[in-house]
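Visitor: Got a sequence here, can you build the structure:
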Amino acid sequence: MNRLRLLVTVVCLAAFRSQASATDLSGHWVNDRGTLFEISQTGDAVSIPMPAFNSAFPYGTLDSTLSGSTLAGQYGGLPFRARVLAGDGVIDANLPLIFGFNAGNIRLVATRCECFDGNTTNSDGCDARCRVEPCFSCEGEPSICTPLGDGAACSDHHDCTSGETCSSGVCSGGTTVPSCIDMTGRWKVETSGGNPGFLLEDLRDVEQRDGIVRFSRPTTGGAEVGTLDQATRSLELSGAVLYGDAPYFYSSLNEAIGSCDVSLAGTVSADGQTFSGSGSGGNTTIQVILHQAFPGLCGGDFAFSQTAHRCADGECLVVPDECPPCQTGNAPNRCVPGPRPGCLHSLDPARSKLQILAADPDKQRLTWQWTDGAAVPSRMLGDLSLGSGLQVCIFDANSNVLFRAYWNPYDRGWDTRDGVSFSQTVFTPGGQLKKERVSIEPGADKQSELKISAYNGGLGSGIDPEYGIPGSGLPLSPFDLPLRIQATIDRGGACFESKVDSTTVRKNADGSFKGKAAE
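Guide: Predicted coordinates:
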């Protein structure tokens, strides 16, 4: 009996050890930016090198504890969280950090290496993302990869095919898995909700491989990762679903949306052409103590809804909001300086006027009146009193950026009215008091309007959103015509434009510019 008890005890201990060590993350990994790194694990203690999160952190490690499929720990006194997917093959992590007087999160989406040959070269059997290439077999470390012969079984890693074989080094053939959904391709996604309310339209390039789906932005990077259950067509994602890559620098509440853990649960249509779902998340709160900024826990919980359709050939090449401020997409995955397409114009151009006075530093002034505009629904204006901001860019005929600034009244002491206008009194360098205003009105055709009146003192309160510093300052004329001015409400809001050409300009010299909008 004692011998039997001893045998049972040994078997149970072996089973427990096997179960406890079932999740082993140690080894080679690669993040979505292509950086290779090593994870070490002893028991349930897991260490991840900081360069895995961002190249700006070349030293140090992040220590965490693995429990089931969850990693948890702290870094700099702030909570670190991650989840493990796909049979321990994918890590989806979230790390809050402080950047000067800003707080934000860095995301890490990493994949376990299937092979490791010490290089980032494709077509040698182990590709740049350390995955075994089709019709190769890799063994050892560093990996030695050899081609497979014709007729050998292989996998194209697509969820909806099976039984592929090699032919002249190409993995093909096989059969289609019935009723299988493959989301791979480009999608147009519309997200709405939140507080303040927002509407964001942007693109996602979806890769589906071995049961894992990745949603990536075509031009700005950043990714969401999750799973698609073929039986129920349930799509589950987590990450910065609403906004771009990290680290983030926020100048408004709306920009902070997506800074904390965000999750989405949705359903894909049976034909794989659309999906819809809902999600939730939180905004990073910033606490200032003794003039130092500290990110608080994720507060300001918000909910959102999301719908999307798969892009057909020729559709959805690029969306302007996928490019940085004052840039536009001229091809998939590429942004260049220049005015954005699709902005709204005045339906009575002669009533829209632009004036720039820049020669005298004490009397710098920008005034823009955009009236009788095309229809603008209220949902495209956000709420200037609760976090929406206005990006203003001026371009010359060669698409050079002459001026850029970002005005955001949220928590800056501006007077707001009706949520779509704000004003403040400023001192000019010459000691004069000036009242500057920004107002945006929605409405049907010929009812919408935008008016900006900013002086030297107020121009300095505009922020360049790319660098977080004061705007570039008013340019000196003469300008190469036509001159374009655009104003865009952030988070996918309305875009307004006026163009002044040689037929409508009244003055373009000596540091001054004045003209009406052209047809």
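
Visitor: and residue 25, how many neighbours?
Guide: When counting by other CB atoms under 10 Å, one arrives at 21 neighbours for residue 25. Backbone N, C-alpha and C define where each C-beta goes, glycine included.

Visitor: okay, it: pLDDT?
Guide: Per-residue confidence for residue 25 comes out at a pLDDT of 95.

Visitor: and residue 409, how far is that from residue 424?
Guide: As judged by CB to CB, to the nearest Å, residue 409 and residue 424 stand 8 Å apart.

Visitor: Just want to know which of these two has more residues nearby.
Guide: residue 409 (23 against 19).

Visitor: what are the phi and psi angles of the closest residue in space to that one that isn't next to it in sequence?
Guide: Excluding the flanking residues, the one nearest residue 409 by CB to CB, 6 or more residues apart in numbering is residue 422, at 4.0 Å. Dihedral pair for residue 422: phi -150, psi 160, per degrees, to the nearest 10.

Visitor: Bridged to residue 422, which residues?
Guide: residue 416, residue 438 (DSSP bridges).

Visitor: what's the answer for residue 108, then?
Guide: Taking DSSP bridges as the rule, residue 108 bridges to residue 93.

Visitor: Can you give me every residue that contacts it?
Guide: Applying CB atoms under 8 Å, 6 or more residues apart in numbering to residue 108 gives the contacts 31, 48, 52, 53, 82, 91, 92, 93, 94, 95.

Visitor: Scan those residues and report the most crowded one.
Guide: Neighbour counts for these, by other CB under 10 Å, peak at residue 48, which reaches 28 neighbours.

Visitor: Spatially nearest residue to that residue, not counting backbone neighbours?
Guide: residue 62 (4.8 Å).

Visitor: tell me which element the one you found is part of?
Guide: strand 61-67 (DSSP states H and E).

Visitor: so after that strand, what's the next helix or strand?
Guide: Next helix or strand after strand 61-67 toward the C-terminus (DSSP H and E): strand 70-75.

Visitor: Pull out the CA atoms of that next one and give them to me as PDB.
Guide: Once non-C-alpha atoms are left out, strand 70-75 reads as follows in PDB (Å, rounded to 0.1, in the frame of the first residue of the first chain):
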ATOM      1  CA  THR A  70      -1.400  36.200 -18.400                       C
ATOM      2  CA  LEU A  71       1.800  38.000 -17.600                       C
ATOM      3  CA  ALA A  72       1.700  40.600 -14.900                       C
ATOM      4  CA  GLY A  73       4.300  42.800 -13.200                       C
ATOM      5  CA  GLN A  74       5.500  46.300 -12.600                       C
ATOM      6  CA  TYR A  75       8.000  48.700 -14.300                       C
END
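
Visitor: What helices and strands are in contact with that strand?
Guide: Packing contacts for strand 70-75, counted by 3 or more CB pairs under 8 Å, 6 or more residues apart in numbering; DSSP states H and E, involve strand 61-67, strand 78-85, strand 90-99.

Visitor: if we go to 6 Å?
Guide: If contacts are counted by 3 or more CB pairs under 6 Å, 6 or more residues apart in numbering; DSSP states H and E, strand 70-75 sits against strand 61-67, strand 78-85.

Visitor: angle of the longest one against strand 70-75?
Guide: With axes from the mean of the first three to the mean of the last three CA atoms, to 10 degrees as the basis, strand 78-85 and strand 70-75 are set at 160 degrees to each other.

Visitor: relative to strand 90-99, how tilted is strand 78-85?
Guide: 160 degrees.

Visitor: Remind me what strand 78-85 packs against, helices and strands.
Guide: strand 70-75, strand 90-99.

Visitor: Name the residues that touch it?
Guide: Contact with strand 78-85 is made by 64, 69, 70, 71, 72, 73, 91, 92, 93, 94, 95, 96, as judged by CB atoms under 6 Å, 6 or more residues apart in numbering.
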